[in-house]
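Peer 1: 3D model of this:
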Amino acid sequence: MKKALFSFIYFKLLGWKEEIAAPFQDKCVICVAPHTSNWDLFIGKLYWGAKGRQACFMMKKDWFFFPLGIIFRAIGGIPVDRGRKTSLVGQMTARFKQADKFNLCITPEGTRKPNPDWKKGFYYIAVGAGVPIQLIGIDYGRKTISYTRCFTPTGDYEKDIVEIKSYFKDFKGKNPANFAY
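Peer 2: Sure thing, here's the model as predicted:
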């Protein structure tokens, strides 16, 4: 029932499309870009729900106040304290190792403003957990979510990030001026 509702809203009501050429993974880091608007979470969760999938996402703990905290946790939100020195990579790697199925969605830009210096955590979580990185692009210009590439990290971040970023170069965010790959 929930899958049908999400599918109706995403495809029929909002008129969004999908472009898929890679298999969905039971365990993976989902790298989503461009991230230029708070609407990205809404569109992404609708799409993922329409596919009958569940994904967790990390978000600033400041957003987890009542009643939003209840809602964000219910849809897979993991509160993150970016001010404290904690091993977020270690925590997420451990979650992957404990779960049979776990999709962790991360926007590597780390902000909705232009940021060519992407956060490295998504990459090192995937390496530490031994899972692939699903590259998923949100294109507001074409009203399409594209999943055409599943990337296996080599462990050479500098080399891999160039390839990962190049995947997203043609996607248009809701606020295109806020995307710097």
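
Peer 1: partners of the residue nearest the centre of the chain in the sheet?
Peer 2: By Cα atoms, centre = their mean, the mean C-alpha position of the chain lies nearest to Cys105, the distance being 3.1 Å. Beta-bridge pairing of Cys105 under DSSP bridges involves Ile30, Phe57.

Peer 1: Need the per-residue pLDDT for Lys51.
Peer 2: For Lys51, the model assigns a pLDDT of 93.

Peer 1: What's the local residue count around it?
Peer 2: When neighbours are counted by other Cβ atoms under 10 Å, Lys51 registers 18. (Glycine included, C-beta is placed from N, CA and C.)

Peer 1: For it, give me phi and psi.
Peer 2: Note on Lys51: backbone dihedrals following degrees, to the nearest 10 are phi -90, psi 0.

Peer 1: okay, the nearest residue to it once chain neighbours are set aside: pLDDT?
Peer 2: Excluding the flanking residues, the one nearest Lys51 by Cβ to Cβ, 6 or more residues apart in numbering is Phe24, at 7.1 Å. The model reports Phe24 with a pLDDT of 90.

Peer 1: cool, and Phe57?
Peer 2: pLDDT for Phe57: 85.

Peer 1: Lovely, talk soon.
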